[in-house]
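**Q** sequence and predicted structure below; questions after.
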Amino acid sequence: MLCRREEKDPRKCLDEGKAVTSCALEFFRQVKKTCREPFEAYAHCLEYSSPEMAFKYCRKTQAALDNCMMDKMGLDRPELGYFSRPRVHKTQRPKPEPETLPKYPNQIPSLPDDFPREPAKHGSRWFFFN
Amino acid sequence: MAEVNYKQDMPPKGGYAPIVFQNIPVKKYFNGYTMFAGFAAITSFSFYMYYQNFKRRRLLKIERQDAINALEPILLAERDRSYLKQLRRNVEEEAELMKNVPGWEVGTYYGEPIYKTVPKEKLLDPILEEYYAHTSEKAYDDKANEFLWR
């Protein structure tokens, strides 16, 4: 996400994105192997309980999933607000240069009189008045 | 014409009851100080309950934002890849379509770029019609009319 936010260009962060996707897929494969039933029950509950998929209607299935994850995979649910805190990322990628504006002189010198004046390349934009 | 026995309508015996014209005050349950005290009590209790609910709602909101933050990288990574793939497909399609036109360069108008001062390697997001130009009409309609059913 740091790469994505800093570079503002999806082309430069494809490797990071692939790492993210492979990590997520690996996690979901493990979940499928170990805690498939509670996971699907929780997902079903989230999907069908409220249109905005609120968590507050699904505490029972959530507790079942949490217990399963703790027992089988040793993963605890992070405390509330864990993902909302600011986090410092360590990266080897050099910091991108901030975009610099070109500098213009205050007064643009006017064209000399003998400057070649050619007709507009793509015609006039007021062609329908002519 | 027969004689009609009229009967004069008279007041009841002893006369009518006296007309009540003096002000009868409403029975007072509270005096002013009690009402001020009641207002203060009810308002402070409501603020207390409001704050409790506010804290609960804030925690729910944080929980929801947690989930969104955790999911965002996964979804964005997939979306970026499919976006770039579609851009590549568009470029290839344009090259195939305009190969018989002499002087045509892909992404430019006969070699003239869209923006003069934007560097060439910068990724410019195309407009919706350009992005969906070589896809199915349904894909474009789904995206363009997304807000109508959401």
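**A** Here it is on my side, so go on.

**Q** for B:Lys55, which residues are in contact?
**A** Listed by Cβ atoms under 8 Å, 6 or more residues apart in numbering or on different chains, the contact set of B:Lys55 is empty. Heads up, the C-betas are built off the backbone N, CA and C, glycines and all.

**Q** ok, it to chain A distance?
**A** To chain A, B:Lys55 is 12 Å away according to Cβ to the nearest Cβ, to the nearest Å.

**Q** confidence score at that residue?
**A** Looking at B:Lys55, its pLDDT reads 96.

**Q** next: the one 3 residues further on.
**A** Predicted confidence (pLDDT) at B:Arg58: the value is 94.

**Q** and A:Met1, by the same measure?
**A** 82.

**Q** burial count for the residue nearest to it when sequence neighbours are not counted?
**A** Spatial nearest neighbour of A:Met1, excluding adjacent residues (Cβ to Cβ, 6 or more residues apart in numbering or on different chains): B:Pro73 at 5.2 Å. Residues lying near B:Pro73 (other Cβ atoms under 10 Å in any protein chain shown) number 18.

**Q** and A:Lys72, by the same measure?
**A** Residues contacting A:Lys72 under the criterion other Cβ under 10 Å number 14.

**Q** repeat for the one 5 residues further on
**A** For A:Arg77, the count of nearby residues is 12 (other Cβ under 10 Å).

**Q** and it, what does it touch?
**A** Listed by Cβ under 8 Å, 6+ apart, the contact set of A:Arg77 reads A:66, A:69.

**Q** three-state assignment of the residue nearest to A:Met1?
**A** Classification of B:Pro73 using DSSP: H, G, I helix; E, B strand; the rest coil returns helix.

**Q** settle this for me: it is touching A:Arg5, isn't it.
**A** No: if you go by Cβ atoms under 8 Å, B:Pro73 and A:Arg5 don't touch, sitting 10.7 Å apart.
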